[in-house]
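J.: I need the structure of the sequence given here:
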Amino acid sequence: MADSDIVCNKSNETRLSEEDGRRDLAEITKAIAKLRKRVQLTPEDPAKMGRRFNKLGTLLYSRFEQTGDFVDLDEAIEREEKSVELTPDCHSEMPVRLNSLATFLCSRVHSTENISDIDEAVSMMQRSVALTPDGHPDMPERLQSLGTSLWLRFKRIGHIEDLNDAIFKGRESLELTPEGHVDMPRRLDSLATSLSSRFERAGDIGDVTEAISLKRKSVERTPDNHERMPATLSSLGSSLHLRFERTGDIGDLDEALVMKRQSVELTPDGHADLPTMLMSLCASLKLHSERTGDIAELNDAVLLNRKSVELTPEWHVDMPGRLTNLAVLFDSRFERTGDIGDLDEAVSKKRRALELTHHGHSMRPARLNSLGISLWMRSERNGDIADLDEAISMKRNALELTPFGHVDMPVLLTSLSRSLESRFQRTDNLRDLYEAIYKYKAAATHPSGSPHTKLEAAKRWVRSLTRNFSHPTPSDILLAFDTTIHLIALTATLEQTLQRRYAHLRDSSGLPLQGASSAFTLGRIDKALEWLEQGRCLVWGQLTNLRTPLDDLRRHDSSLAQNFMETSKQLETAGSVRSTARMDMLPSEKISLEEEAQHHLQLARQWEGLLERVRAIPGFGNFLKPLQFEAILQDLPESGYVIVINVDSHRCDAIVLQAGEGAPLHVPLSNFTLEMCGQYQKDLRTQLKAYHLRDRGGEAVVLSEKRDGERGIRSATLTKAGARTIVQGILKGLWDRVVEPILQRLNLSKTDRSSSSSAPRIWWCPTGPLSFLPLHAAGVYGGGNSSETVLDYAISSYTPTVTALTDRVKNGQPEATQTSGIFVTSQPNAPGVSSIPGTTKEARIIYDVLTEGGVRVEKLEGSSVSAASCLDIMETFSAVHLACHGSQNAEDPLGSRFLFHDGSMELGAILQRNLKDADLAFLSACQTSTGVQELPDEAVHLAAGMLAAGYRRVVATMWSIGDRHAPDVATDFYQYLLDHSKAGFNSELSAQALHYAINQLRVRLGDSSDRSLLTWIPYVHFGY
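T.: Numbers count the residues shown, from 1 in each chain. Modelled structure (predicted):
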């Protein structure tokens, strides 16, 4: 908040000082002298004396505002106190004089930080409001003044009750202010500033979201040339900055910088608010520099913050904060450049700031911790144990001064733990290590604080246990990972857009796998499975929860079930369609977006409240809670095996689940490593790139090595002379090290290759980089009958999680309805991509085959169907066959799409549809199950998206497929379904049908060259 916002607001007679402020200083001094004489000559008439003391106090305050002479301010307070003493409560001017006195006292608080002054100011404001009759035109102003004084006391002392009361008074003031009132912008900003402060203290994202919305309205209602515009822009920028720190949305930080730059540009040199504006801009420049790596921005921030300090008198109340902020910039620059001089200056500035911060100030703990951080950093650089000891002392002191439940507690605990851990590494004093671990745990499990901060503490808690103890206590490591997995989910909650959730999950990718690895080491297969289920595919799991069937709840409480269902639908839509602000938007458009964000947050809170009500019903206590081990094992497919494979740097393991078998089978994969897996993935990616397998129109073609200038690949590289090709080597490695050890433990025998009906089902559930590798094709490929592959033993499918599969088993097969049938579309000529004429042939052959089989089918090709109308038609069919180009968007998974002649059909749009009868989706397009490298365990691909949209089973592709072979694969697939269905079209056999179609393609290809392997391997089956 700018200095001008902090001074309590003036009303009625206090505003005379504004008129006096336009007078010449000499005139004000003359008026003061004249009034002093009149006061001396005034007879003992309380009414007259009270009026003249009030006028004299106002004039003295006006002169103080021009000169900064605190002698005038002290006398102004003394005279106004006399005026209040002489004025009876029933006097009409009493509220005005109380308000004036409070204003003067607030001004002195900014200079002296005398707590008694702010206490008296609050008391005067409370009396002023109490003496103001309801309906009085000055009531809104006095309520806001009271709110501001309460906010100021909170900033000095830190009592949350004051802040809550300030917000309450601010809301009352706004409600009483008519739209269009000249003071509306100031009151909007005042309430918003208190909300931002509460967000900083308590961490409720709803407060800062509402603050931004209010501040946008304040900016919109403030005339461009108004003197308050710079402060209003800076205030909006500060709240955007705060929200960026929580959400990581770079758009907020970019806009914060724009707002703050404008505020500085609009503030003239010499203005009292300029130092505050500069310091606020510096904070955002620092964050932006850290995000972009631009050292120039950081240097600019240092220069501007120096200027802010130079413009601030030594005695000024804001001097400690400005010194601290400047020192933090030196810290940041040291981390970039390694210049120890920056760190020395940071320590010096922070010491001075601490000296200027009185005991009892709400910011003292933060400044103690900040000094401790700089001392710790310097000790890490120069090895000085004295610096480290002092750092620990400072951080301990900061913790002792911070009340339990404060939002900063996890930050302070983590900070101290890091220093203690550093000292242990130098001294081997186990007491420091034990205390560090204890405080990491305390930070991670603290009831308040940012989930991101607590997750960072949990990571360090786990790391300290696993790094420093070869055999940590099982209870310790289990609790640490339990907490970590729980916190991962809290960083990607429902009030965020799906894009933001995915962005946050990038930072925690791999943690559930690490936890499972530790659980395997401890012999806790149950925990390994729980953590892999709870910590992976979180976003799709949330979508599934929002779409969960409510039959049981509806029988118990139909009204609650209906309310829960409607809120779930609204929340799902809010998470997938909300736009983000752009710099070129009008202010009104940005306000509308903030209101959308607030509505989204309200829906999330409403949904959580309904969830609590449901769980309070007997028998519904575990409704939508993460499944425990025993629950995960329920509703497995009646036949076949579900195989979860965990890949971690410490070890690799498989868990085999089978209905009716009780305990899962644990298969350690001792000959497989994360490093091997990464190398296989890298080699495969290189081959795919070499073969140009990027879109459906691409064929795996080998060009002559002599044809320079043409894009292609040279002949397939062999791993060694006369040995296997790269792809064959990858598949053999997967067979030898992963698949064969599992099949051997299951005692599976080879099946007749010509029969798909007799082979058992396997649902692969890979994790980490293994998700990008073709387990379904693992094997030893050679000439003739010498090959041995997983296809000889089983029919393979994939599932993102075990729960994704068991949900489909539990909910049963959709009953035959009027939507039973298949919609087929081909899009051979989408703009901007290669033509794929084979899609037309594919669609027509499928149509003929299905029509002849008596299946309800509709076929629309090219321009006869738009992307939008395709969505409408999909709602009327249980199955869909999309023969087109597909495109995966790694940055925005909901933007992954199928390309049509008139645009694209995005996954986000599909998810919004009511596909209650969805059963089978055949995605005859490229890269529909590829996934995103940074989020291997979130199943960020079109196939998983179609499962989340409601389809029970999906045929997809790991990379591009050949336009020449795709029609044949699709034809064989549907013909198998027709031939093996008792009546009509039974997609339950879709995995068997794909298995059959792939084997037919292998026969047609005739060999196991890389070209042939890369042609049939991409076809995969997902779901039940």
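J.: quick one, what contacts the closest residue to Leu146 other than its chain neighbours?
T.: Of all residues not flanking Leu146 in the chain, Met125 sits nearest, at 4.0 Å (C-beta to C-beta, 6 or more residues apart in numbering). Backbone N, C-alpha and C define where each C-beta goes, glycine included. For Met125, the contact set (C-beta atoms under 8 Å, 6 or more residues apart in numbering) comprises Cys8, Leu98, Asn99, Ala102, Arg142, Ser145, Leu146, Ser149.
J.: likewise for Ile205?
T.: By C-beta under 8 Å, 6+ apart, the contact set of Ile205 is Phe199, Arg243, Arg246, Thr247, Glu495, Leu601.
J.: can you tell me which two in these are farthest apart?
T.: Phe199 and Glu495 (13.7 Å; C-beta to C-beta).
J.: which other helices and strands does the longest helix anywhere in the chain contact?
T.: Longest helix in the chain, counting residues (DSSP state H): helix 587-615. Where contact means 3 or more C-beta pairs under 8 Å, 6 or more residues apart in numbering; DSSP states H and E, helix 587-615 is packed against helix 205-221, helix 558-577.
J.: return the most buried member of the ones you listed.
T.: Most buried of those, by mean neighbour count (mean count of other C-beta atoms under 10 Å): helix 205-221, with a mean of 23.
J.: between that helix and helix 587-615, how many degrees?
T.: 160 degrees (axes from the mean of the first three to the mean of the last three C-alpha atoms, to 10 degrees).
J.: which strands or helices does the helix or strand following helix 205-221 pack on?
T.: Scanning forward in sequence from helix 205-221 by DSSP states H and E, the next helix or strand is helix 229-247. Here helix 229-247 touches helix 3-6, helix 184-202, helix 205-221, helix 250-266, helix 274-292, going by 3+ C-beta pairs under 8 Å, 6+ apart.
J.: output those as TSV; include the columns mean pLDDT and distance to Val109.
T.: Formatted as TSV, the helices and strands packed on helix 229-247 follow (pLDDT from 0 to 100; distance: least, C-beta to C-beta, whole Å):
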stretch	mean pLDDT	distance to Val109
helix 3-6	36	9
helix 184-202	94	16
helix 205-221	93	23
helix 250-266	95	24
helix 274-292	95	16
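J.: of all those helices, which one is nearest Pro88?
T.: So among the helices and strands packed on helix 229-247, helix 184-202 is nearest, using C-beta to C-beta, at 30.1 Å.
J.: okay, angle between the longest helix of the chain and helix 558-577 too, please.
T.: Going by the same axes, to 10 degrees, helix 587-615 makes 140 degrees with helix 558-577.
J.: how far off centre is helix 587-615?
T.: Relative to its chain's centre, helix 587-615 lies at 16 Å (C-alpha atoms, centre = their mean, to the nearest Å).
J.: please apply the same query to stretch 112-120.
T.: Remark: stretch 112-120 is offset 41 Å from the chain centroid, using C-alpha atoms, centre = their mean.
J.: stretch 982-992 too?
T.: Distance, centroid of stretch 982-992 to centroid of chain: 41 Å (C-alpha atoms, centre = their mean).
J.: what is the end-to-end distance of it?
T.: Terminal residues of stretch 982-992 are spaced 15 Å apart (C-alpha to C-alpha, to the nearest Å).
J.: about what we covered before: now distance to Gly523 too, for the helices and strands packed on helix 229-247, in JSON lines please.
T.: Below are the helices and strands packed on helix 229-247 laid out as JSON lines (distance: least, C-beta to C-beta, whole Å):
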{"stretch": "helix 3-6", "distance to Gly523": "60"}
{"stretch": "helix 184-202", "distance to Gly523": "42"}
{"stretch": "helix 205-221", "distance to Gly523": "40"}
{"stretch": "helix 250-266", "distance to Gly523": "44"}
{"stretch": "helix 274-292", "distance to Gly523": "43"}
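J.: so which of these comes closest to Ile340?
T.: If you check each of the helices and strands packed on helix 229-247 against Ile340 by C-beta to C-beta, helix 274-292 wins as the nearest, at 19.6 Å.
J.: distance between the closest one and the chain's centre?
T.: The chain centre lies 22 Å from the centre of helix 274-292; the measure is C-alpha atoms, centre = their mean.
J.: with stretch 774-793 instead?
T.: Here stretch 774-793 is found 43 Å from its chain centre; the criterion is C-alpha atoms, centre = their mean.
J.: just the C-alphas of that stretch, formatted as CSV.
T.: Output of stretch 774-793 as CSV, limited to C-alpha atoms (Å, rounded to 0.1, in the frame of the first residue of the first chain):
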residue,chain,number,x,y,z
PRO,A,774,5.8,-49.8,-26.2
LEU,A,775,5.5,-52.5,-23.6
HIS,A,776,2.8,-54.2,-25.7
ALA,A,777,5.3,-54.8,-28.4
ALA,A,778,8.3,-56.0,-26.2
GLY,A,779,10.0,-59.0,-27.6
VAL,A,780,12.8,-60.6,-29.5
TYR,A,781,12.3,-60.0,-33.2
GLY,A,782,14.2,-62.1,-35.8
GLY,A,783,13.6,-64.0,-39.0
GLY,A,784,11.0,-66.7,-39.5
ASN,A,785,9.6,-68.3,-36.3
SER,A,786,12.5,-67.2,-34.1
SER,A,787,10.7,-64.2,-32.6
GLU,A,788,9.1,-64.3,-29.1
THR,A,789,7.0,-61.3,-28.1
VAL,A,790,4.3,-60.3,-25.6
LEU,A,791,1.8,-60.7,-28.4
ASP,A,792,2.4,-64.5,-28.2
TYR,A,793,1.3,-64.6,-24.5
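J.: for that stretch, which outside residues touch it?
T.: 645, 724, 728, 731-732, 734-735, 738-740, 743, 748-751, 753, 759-760, 762, 764, 766, 796, 798, 958, 995, 998-999, 1007-1008, 1013, 1016-1018, 1020.
J.: kindly recompute the last result at 6 Å.
T.: 728, 731-732, 734-735, 739, 743, 748, 750, 764, 796, 1008, 1017 (C-beta atoms under 6 Å, 6 or more residues apart in numbering).
J.: before we move on, back to that, could the contacts of Ile205 go into JSON lines alongside distance to Asp872 and neighbour count?
T.: JSON lines is the format used below for those (distance: C-beta to C-beta, whole Å; neighbours: other C-beta atoms under 10 Å):
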{"residue": "Phe199", "distance to Asp872": "42", "neighbour count": "23"}
{"residue": "Arg243", "distance to Asp872": "37", "neighbour count": "22"}
{"residue": "Arg246", "distance to Asp872": "39", "neighbour count": "17"}
{"residue": "Thr247", "distance to Asp872": "35", "neighbour count": "21"}
{"residue": "Glu495", "distance to Asp872": "30", "neighbour count": "23"}
{"residue": "Leu601", "distance to Asp872": "31", "neighbour count": "20"}
